[in-house]
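structure for the following, please:
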Amino acid sequence: MTARLASVLRRLLLPALSLLLLAATPASAEQAVLRVLAWPGYAEPEVVKSFEQQHGVRVELTVVTADATLWEKLNTHSFDVFAVNAAELQRYLAANLVQALNPDAIPNTRKQLARFRDLAAIPGLMRNGKAYAIPFTYAQMGLIYDRKQFTTPPRSINALWDQRYRGKVVAYDGGTHNFSLAAQSLQLASPFRIAPDDFPRAAARLIELRRNALGFYTQPEEANHLFMQHGAALMFANYGMQQVHMLQEAGADIGYVIPQEGALAWLDCWSVTRDAKHMQLAHAWIDHLLDTQASRLLVERQGLSNTLSDDDNGQPKGKSVWLQPPEDTAWREELWSRIRSGDRLSRVLAQ
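As a prediction, the model looks like this:
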């Protein structure tokens, strides 16, 4: 074969050989995708970016704003890791939607305050000696009020029903928490265990709240708009200090109180789904979110508390009523959907 012919063959064959090699590249060489389900402000852009750079992966972040939406997403879509409050976690455990964690693969847990490192001491995080969630952030759900419309701060949760503020109350759009508020207002034995005979009273109380409300929200930004643009007087702060922080940054003249009945309080944790495709990355994500950067931004930007420091971030003192699994979440949400749509009590309670 002449040198010239060999050169021609190389020019013809090398491109074809390159295409064959590319076609033979295994799918495992593709960039991994970690699917994360979280609440607003939990994963700031730079936190996500630094994780992607460190691990050579892409994060697919989905944000939810209600427990009912979180439940629906986990039941109908695929995720690797998600944020859930300790009380709601029990639903996912019962439905076999989560799997046990390996705390040794999350070394930043050693930086957490002692009360968050002792998982066995936090109800609902462990089962049969295995851990299913790692604490991340927590808050009380107090009352935000406009200082110009209140001569003295509201003292009771019943201020949400005060007819002097009809059309000026901003409430949360969620049945689970709203029935607990109604139970507190009615002084029932437990806001999380409403007896069947008490449900009509609680539903009637929420119909009264609907009539008193300016509007309902799921996202903190939506709440801010309702509060500031429509001259609201009072708001139930489902996101606690996160909402206070955002409103103050927007220039609102507000106060924040914990009602005398106590404020519903949540502890949000990270968990790994039963069908997670990337267990190692899921553990690495939880570890990354417990690092200094993510924990600091949680306080500075969102006004929330983290599990690494004891900074209360300006939280007023008051009794915490830590969330517990309710007697029937699905029934609460169904009733709330009917109440929200404007149904009368008889139709709300119809089986």
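
quick one: the helices in the stretch 251-351 of the chain, in order.
279-289, 292-300, 329-340, 345-348 (DSSP state H, counting those that start in this stretch).

for the stretch 51-200 of the chain, that is, sorry about that
67-76, 89-94, 114-117, 175-185, 199-212.

got the ones you listed as TSV, with mean pLDDT and mean neighbour count columns?
Using the backbone N, CA and C atoms, a C-beta is placed for each residue, glycine as well. Converted to TSV, the helices of the stretch 51-200 of the chain look like this (pLDDT from 0 to 100; neighbours: other C-beta atoms under 10 Å):
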stretch	mean pLDDT	mean neighbour count
helix 67-76	94	16
helix 89-94	94	18
helix 114-117	91	14
helix 175-185	97	25
helix 199-212	98	18
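
reformat these as JSON lines; add distance to residue 140.
Below are these laid out as JSON lines (distance: least, C-beta to C-beta, whole Å):
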{"stretch": "helix 67-76", "distance to residue 140": "17"}
{"stretch": "helix 89-94", "distance to residue 140": "19"}
{"stretch": "helix 114-117", "distance to residue 140": "16"}
{"stretch": "helix 175-185", "distance to residue 140": "12"}
{"stretch": "helix 199-212", "distance to residue 140": "20"}
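
closest one to residue 169 among those?
helix 199-212 (5.2 Å; C-beta to C-beta).

circling back: out of the helices of the stretch 251-351 of the chain, the one nearest residue 64 is which?
Per C-beta to C-beta, nearest to residue 64 of these: helix 329-340, 14.3 Å.

show me what that closest one is packed against.
helix 67-76, helix 175-185, helix 199-212, helix 345-348 (3 or more C-beta pairs under 8 Å, 6 or more residues apart in numbering; DSSP states H and E).

can we see that at 7 Å?
Packing contacts for helix 329-340, counted by 3 or more C-beta pairs under 7 Å, 6 or more residues apart in numbering; DSSP states H and E, involve helix 175-185, helix 199-212, helix 345-348.

averaged pLDDT, that helix. What do you get?
For helix 329-340, mean pLDDT rounds to 95.

got the angle for that helix vs helix 175-185?
Here helix 329-340 points in a direction 80 degrees away from that of helix 175-185 (axes from the mean of the first three to the mean of the last three C-alpha atoms, to 10 degrees).

quick one: buried residues of helix 329-340?
For helix 329-340, the neighbour count (16 or more other C-beta atoms under 10 Å) marks 329, 332, 333, 335, 336, 338, 339, 340 as buried.

the fifth one and residue 78: what is the separation?
Yep, that's residue 336 we're talking about. Distance, residue 336 to residue 78, by C-beta to C-beta, to the nearest Å: 28 Å.

contacts only, for the closest residue in space to residue 175 that isn't next to it in sequence.
Of all residues not flanking residue 175 in the chain, residue 336 sits nearest, at 2.7 Å (C-beta to C-beta, 6 or more residues apart in numbering). Residue 336 makes contacts with 175, 178, 206, as judged by C-beta atoms under 7 Å, 6 or more residues apart in numbering.

repeat for residue 325
Per C-beta under 7 Å, 6+ apart, neighbours of residue 325: 87, 90, 192.

if I look at the first one, how far off is residue 177?
Distance of residue 87 to residue 177, computed by C-beta to C-beta: 10 Å.

ok, back up a step: nearest to residue 113 among the contacts of residue 325?
Of these, the one sitting nearest to residue 113 (C-beta to C-beta) turns out to be residue 87, at 20.3 Å.
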